[in-house]
Every structure is written in C-alpha cells, then in structure tokens.
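Participant: mind looking at a prediction? Sequence and model below.
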Amino acid sequence: MRSGAFNRRSVVAGALALAACDRPARSAPADIGFVPPLKTAAPFPVGTCLQVAHLDQPDWVNLALTQCSQLTPEWEMKMEYIVQPDGGLLFDRPDRIAGFARANGMRLYGTTLVWYAQKPKAFEQMAADPASFGKAYDSYITSVAGRYRGQVAGWDVVNEAVAEDGNGWRDSLWSQRLGAFDHMKRAFHVARAADPDAVLFLNDYNLEIIPKKLDTFQRLVERLLAAGAPVGGLGCQTHMPADLAAGSLAKAVAALGRFGLPVHVSELDVSLSRARQRFARRADLEAGQARLYAEAAQALGALPARQRFALTLWGLRDRDSWLKGENAADMPAVFDDQGRPKPAAAALAAALQEVRG
Ligand code: XIL
C-alpha cells in the first residue's frame, strides 16, 4: 500500500501548486564540470531516502553507491507499510533495504516509529482503554526497533509532534489514547529498551520557516529531556522552498545545536514550485536552490563534529522526489532525472568540501 492519504500536505500543497503553476524547464543541462561524490566531499554521512523499487534500478543503485553513505527507507519502514489490516507486521521490504545497506557498508536510518499522520486501521479499531492500547503501541515499537537493533544508526522515534503553526502539539490517535506528552515520552523509553545503541530522534519540519514552531519544538525537547526521555538527537527535515530567505536554515540548525545533541538534516529537498514568490524567475529559483543546499551543509558543518549526525537527501534524482506528487514539474533534488549533477549538487559538494577543510 502506498497511499496518498498519508501525504497530509497534499491538500495544502495542491493549492500552492496551483498558485505556483508549472515553470518552464531548463532546455539543456548546465555544464557544471566535475562534481566530487558527495560522500567523499563530506566530513559527515550523506544519505538519501529510497524505496525497495530503487534497488532494481541499476542507475539508481550506481548513483547511490557513488554519492551516499547512508540510507533511509522512504516509507517502507513506517506503519503505512509494516502494519497489516489484521494488525500483523510485514518486514520483507524493510529487511531487503537493511540487507542492501549492510551488503554495501552503508549506514541505515529508520523513520518513523510514531507519526500523527499514520494511524493504521488495526490501531484505530483497537479497544480504547489505555492499558491494552498502550500494550499494542509498545509492542509495535519493540518489534520494529528490536528487529533492526544493531542495524540502524538512529530512529525518528516521534515525527512531526509540533502543531503546524507552532501552537502546541499535534492531536493524533496516539495523543488521544495515551496522552499528548506521555505517548512521546513512552515511545522514547520503549525504543531505548528495544535498541540501546540507536540514537533516538525527535524530527520535525518547517523549523527554519516558522519561528514559533522552532520555539515550541525546543520547549518540547527540554520537557522530554527533563522528564528523562532518552532523546538522543534532533532532526530538522528541511523541506524548503527555493526562495527561503538566506540564514533561516542556519539559524534553526544552530538553535537545535544548542542542546549539544547530534543534529540530523534529515529530509533535505528544495522545491522550485513551493516558492512563495509567484513570479520568480526560474534562474533565480535555481540559484536559490543551490544556495540552500549549500547552506544546509554549512549549517551542519558549523556544529561541533560530534553533533553532525548526517545530511539526508529526500530523493536523489528529481524523478525520485515525493514532491512530484504535489507538482509534477517540480525539480527539488540535486541530481536531474538522468542522475546528472545539477548546479545544486555542485554547490552542495563545494560547501561540504569547505566544511571538511
Ligand atoms: C513521505 C514519503 O516521501 C512518502 O513516500 C510517504 O508516502 C509519506 O511520507 N515528512 C516526513 C517524511 O517526515 O516521512 C515524509 O515522507 C515527507 C514529509
């Protein structure tokens, strides 16, 4: 099952896509010369998300092996794939991805154990009493995190906990049944018991765009840590529009860095069609895209080395991006449909090299 129903931004995005409409594509790839492989340019892991289907595409495999040192299953390690209608768990695809990572010496990252946007029927239909619901919740986290124990470097334990506008936390099946704060704290403890070595992350988006959301996210981290939850890392998704003001991303990453925990630039992409300026020139958007990819590397690079967990691209080639579902004309990645580096790849590689020194 790969349902658009889980893609909760598609409604908002649809409206934005209408506003941004299709911008003319570049006629020919820019001649940008040699771009060093990202993983060799970088002083920290560089990852990409992937789907099992990619493993059967030699071009994708070749590009990923050349460029990346870390893999995150895009959706097949989430409830949307693992939880079956009868409540059973299916692991064939995440196992295959984990096996591929292992066979190729790549780091594996898991997303996501608890996400408001995914509430399988098997959980919805369950008795609402906190004791039995809590048992099933714990059992899911234990089974999944336990299965990949020793294989994943880290997990997004709770994904997107902060409300869209930054006013408090999200309401979800999990918060309703187990408590707004308690379900999060509980998830971290259960994940810790299931995999003592994985770095456990709280992951969210728009932290570089909505100051109030960044603020609420920081307060939540403080509160979880104060309550003894084993939060070990902070994820900044960084799904950004190409015309995002310079410096906002660096500011958000620096703010997260102040906790002293590892920071993951966890789902990096830079959308041309999500740009807010309705009549922005294509060339300006592409320049903005390159600048923001570079800024992501610089922002992570500005943290102490032990806090630079990884920089993960949410799609290697334009055609791989989830944002295509929102606007087919978008080109949010650093490699084009054919896997050729775009100016954004050159800018990212140069920034990574600069950070490495
Ligand atoms: C998206 C994937 O790209 C889709 O394939 C999947 O169906 C739904 O999730 N924020 C997140 C990611 O935390 O997990 C989302 O990934 C993109 C937005």
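Facilitator: Nice, thanks for sending it over. Numbering: from 1, shown residues only.
Participant: rest of the way, CA atoms for contacts and neighbours
Facilitator: Noted.
Participant: which residues are in contact with E124?
Facilitator: E124 makes contact with L173, according to Cα atoms under 8 Å, 6 or more residues apart in numbering.
Participant: list the contacts of the residue nearest in space to the middle of the chain.
Facilitator: Centroid check for the chain by Cα atoms, centre = their mean gives E267 as the closest residue, at 3.1 Å. By Cα under 8 Å, 6+ apart, the contact list for E267 reads 49, 236-239, 311-314.
Participant: quick check, it in a strand?
Facilitator: Yes: E267 sits within a strand when classified using DSSP: H, G, I helix; E, B strand; the rest coil.
Participant: what about it, distance to the ligand?
Facilitator: According to Cα to the nearest ligand atom, to the nearest Å, E267 stands 7 Å off from the ligand.
Participant: rewinding a little: among the contacts of E267, which are in strands?
Facilitator: By the criterion of DSSP state E, membership of the contacts of E267 in strands covers 49, 236, 239, 311-313.
Participant: quick check: end-to-end length of stretch 311-325?
Facilitator: End-to-end span of stretch 311-325 (Cα to Cα, to the nearest Å): 23 Å.
Participant: list the buried residues for it?
Facilitator: 311-324 (16 or more other Cα atoms under 10 Å).
Participant: quick one: mean pLDDT over the longest helix anywhere in the chain.
Facilitator: Across the chain, the helix with the greatest residue count (assigned by DSSP state H) is helix 282-301. Helix 282-301 shows a mean pLDDT of 97.
Participant: what about the strands in the stretch 51-200 of the chain?
Facilitator: Counting by DSSP state E, counting those that start in this stretch, the segments of the stretch 51-200 of the chain that form strands are 70-73, 107-115, 152-159, 199-204.
Participant: what do you get for the stretch 201-350 of the chain?
Facilitator: Counting by DSSP E, counting those that start in this stretch, the strands of the stretch 201-350 of the chain are 233-236, 239-241, 263-271, 308-313.
Participant: CSV for those strands, including distance to L249 and mean pLDDT?
Facilitator: Below are the strands of the stretch 201-350 of the chain laid out as CSV (distance: least, Cα to Cα, whole Å; pLDDT from 0 to 100):
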stretch, distance to L249, mean pLDDT
strand 233-236, 9, 99
strand 239-241, 9, 98
strand 263-271, 10, 98
strand 308-313, 13, 99
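Participant: and those strands as TSV, adding distance to V144?
Facilitator: Compiled in TSV, those are given as follows (distance: least, Cα to Cα, whole Å):
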stretch	distance to V144
strand 233-236	19
strand 239-241	26
strand 263-271	20
strand 308-313	21
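Participant: hang on, the earlier thing: and the angle from the longest helix of the chain to strand 308-313?
Facilitator: On the basis of axes from the mean of the first three to the mean of the last three Cα atoms, to 10 degrees, helix 282-301 is oriented at 160 degrees to strand 308-313.
Participant: in helix 282-301, what counts as buried?
Facilitator: For helix 282-301, burial by neighbour count (16+ other Cα under 10 Å) applies to 285-301.
Participant: now swap in stretch 263-279 and tell me
Facilitator: Neighbour counts over stretch 263-279 (16+ other Cα under 10 Å) mark 263-275 as buried.
Participant: report the contact partners of R186.
Facilitator: Counting by Cα under 8 Å, 6+ apart, R186 has contacts A229.
Participant: burial of the residue of the stretch 101-250 of the chain found nearest the ligand, as a residue count?
Facilitator: Closest to the ligand within the stretch 101-250 of the chain is N159: 6.1 Å, counting by Cα to the nearest ligand atom. Applying other Cα atoms under 10 Å, we find 22 residues neighbouring N159.
Participant: next one: the residue located most distally from the centre of the chain relative to V114, how far apart?
Facilitator: For the chain, the residue at maximal distance from the C-alpha centroid (Cα atoms, centre = their mean) is D129, at 32.3 Å. Remark: distance between D129 and V114 (Cα to Cα) = 19 Å.
Participant: and what of R282?
Facilitator: Distance from R282 to V114, by Cα to Cα: 38 Å.
Participant: can you pull the contacts of L224?
Facilitator: 185, 231.
Participant: how far away is it from A345?
Facilitator: L224 is 37 Å from A345, by Cα to Cα.
Participant: same deal with L214?
Facilitator: For L214, the distance to A345 equals 27 Å [Cα to Cα].
Participant: and what of H239?
Facilitator: From H239 across to A345, the span is 16 Å (Cα to Cα).
Participant: again, but for V158
Facilitator: From V158 over to A345 the distance is 30 Å, taken as Cα to Cα.
Participant: now the residue of the stretch 201-350 of the chain found nearest the ligand: closest residue in space, sequence neighbours ignored.
Facilitator: Closest residue of the stretch 201-350 of the chain to the ligand, Cα to the nearest ligand atom: W322 (4.6 Å). Spatial nearest neighbour of W322, excluding adjacent residues (Cα to Cα, 6 or more residues apart in numbering): G315 at 7.4 Å.
Participant: so what's the backbone phi/psi at the one you found?
Facilitator: According to degrees, to the nearest 10, the main-chain angles of G315 amount to phi 120, psi 130.
Participant: pull the contacting residues for it.
Facilitator: 48-50, 269, 321-322, 333.
Participant: low-confidence ranges in the protein?
Facilitator: Within the chain, the stretches with pLDDT under 70 are 1-30.
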